[in-house]
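>>> everything below, folded, please.
(2 chains)
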Amino acid sequence: MPKYHSPDPIALDRGFQALADATRRGVIAQLSLGEASIAELAGPYDMALPSFLQHVRVLESAGLVSTRKEGRVRRCRLETARLAELDAWITRYQQAWAARLDRLGDFLDATDTKGNPT
Amino acid sequence: MSHETIRHPTVTIEKAYAASPARVFGAWADPEMRRIWGSPSDEIDLRIDAADFSVGGEDVSTCMMGDDAIAIVRGRYHDIVTDRRIVYTEIISSMDAIEGACLVSAEFQSEAQGTRLVLTLQTAALDGADLLEGVQEGWESALLRLGDMMKPS
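Have a look, this model is predicted:
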């Protein structure tokens, strides 16, 4: 299972800097409800789009948010959600191996040295 | 899509078998035997597309759910010591994107009762694939069974 490493101080600094701003905290709060496009995120703020994008970039470089292009729309998501997906994949992968080894045992019990049923 | 997130878990799974190391090793080496036990769940049949069990050899299998291919696993053997160990890499892809890579080390240790298999999985789980989104539903029911199978007997 994944181990916890001592936090990287530079990453921590970036994370805290990213969160030291009400707009960026608002973006995080909104993304915690699910993915959203830049336009949806920018909606509540009275701010020029380039300034808003700057905030998204700060969150992105802190590793808190990731963005991807879908056609002409840029969508954002919380990185923690990605990590959760990756961890779910890892769990499935490891469980698949554990199940495979169980099947190997069943197979060995049910066959002779040539692999024919006993 | 940005490919920024990678997880690198390592896990070791140990299992004891009543068969000799030669038999357990043989079940890994023989593609027909591996097809039978190598499926990750009851719902999935393995289709062996390539099987070259030699150092540098390639091994390709497709996970089939009924007539639908849902994942492809490409393996390459790096070290084979007969009846003792196998080290290989496998690349796991959904039908549209790579999902992960794994260095698999299988050690076949002789013990009085038979064989202790020590399997170490050093994985790099990659994002960028929409991880199994289309496949997840199928996996979830399979996983319930896996859970049952893994209960200590």
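
>>> let me see the ranges of the helices in chain A.
Counting by DSSP state H, one finds helices in chain A at the ranges A:9-19, A:22-31, A:38-42, A:49-61, A:79-110.

>>> make CSV from the ones you listed and add distance to B:Phe25 to it.
For glycine as for every other residue, the C-beta is placed from the backbone atoms N, C-alpha and C. Formatted as CSV, the helices of chain A follow (distance: least, CB to CB, whole Å):
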stretch, distance to B:Phe25
helix A:9-19, 44
helix A:22-31, 49
helix A:38-42, 55
helix A:49-61, 48
helix A:79-110, 11
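
>>> how about those in a markdown table, adding mean pLDDT and distance to chain B?
Below are the helices of chain A laid out as a markdown table (pLDDT from 0 to 100; distance: least, CB to the nearest CB, whole Å):
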| stretch | mean pLDDT | distance to chain B |
| --- | --- | --- |
| helix A:9-19 | 73 | 13 |
| helix A:22-31 | 87 | 15 |
| helix A:38-42 | 90 | 14 |
| helix A:49-61 | 90 | 9 |
| helix A:79-110 | 86 | 4 |
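
>>> and for A:Arg72, the neighbour number?
Neighbours of A:Arg72 under the rule other CB atoms under 10 Å in any protein chain shown: 6.

>>> swap that for A:Asp106, please
For A:Asp106, the count of nearby residues is 12 (other CB under 10 Å).

>>> so what's it closest to, chain neighbours aside?
Nearest in space to A:Asp106, with sequence neighbours left out and distances taken as CB to CB, 6 or more residues apart in numbering or on different chains, is B:Trp37 at 7.3 Å.

>>> pretty sure the one you found is touching A:Leu104, no?
Yes. Shown here, B:Trp37 and A:Leu104 form a contact pair, counting by CB atoms under 8 Å, at 4.4 Å.

>>> tell me, what's touching those two both at once?
Shared contacts of B:Trp37 and A:Leu104 (CB atoms under 8 Å, 6 or more residues apart in numbering or on different chains): B:Ala27.

>>> circling back: and the residue nearest to A:Asp106, what's its pLDDT?
Per-residue confidence (pLDDT) for B:Trp37: 90.

>>> A:Ala36 now?
Reading off the model, A:Ala36 has pLDDT 91.

>>> quick check, the residue in chain B closest to chain A?
B:Pro40 (3.5 Å; CB to the nearest CB).

>>> tell me the spacing between that residue and A:Ala36.
34 Å (CB to CB, to the nearest Å).

>>> neighbour count winner among these two?
A direct count of neighbours by other CB under 10 Å for B:Pro40 and A:Ala36 places B:Pro40 higher, at 23 against 17.

>>> distance of the more buried one from B:Ile92?
10 Å.

>>> does B:Ser61 lie in a helix or a strand, and which?
Here B:Ser61 sits within strand B:58-65, counting by DSSP states H and E.
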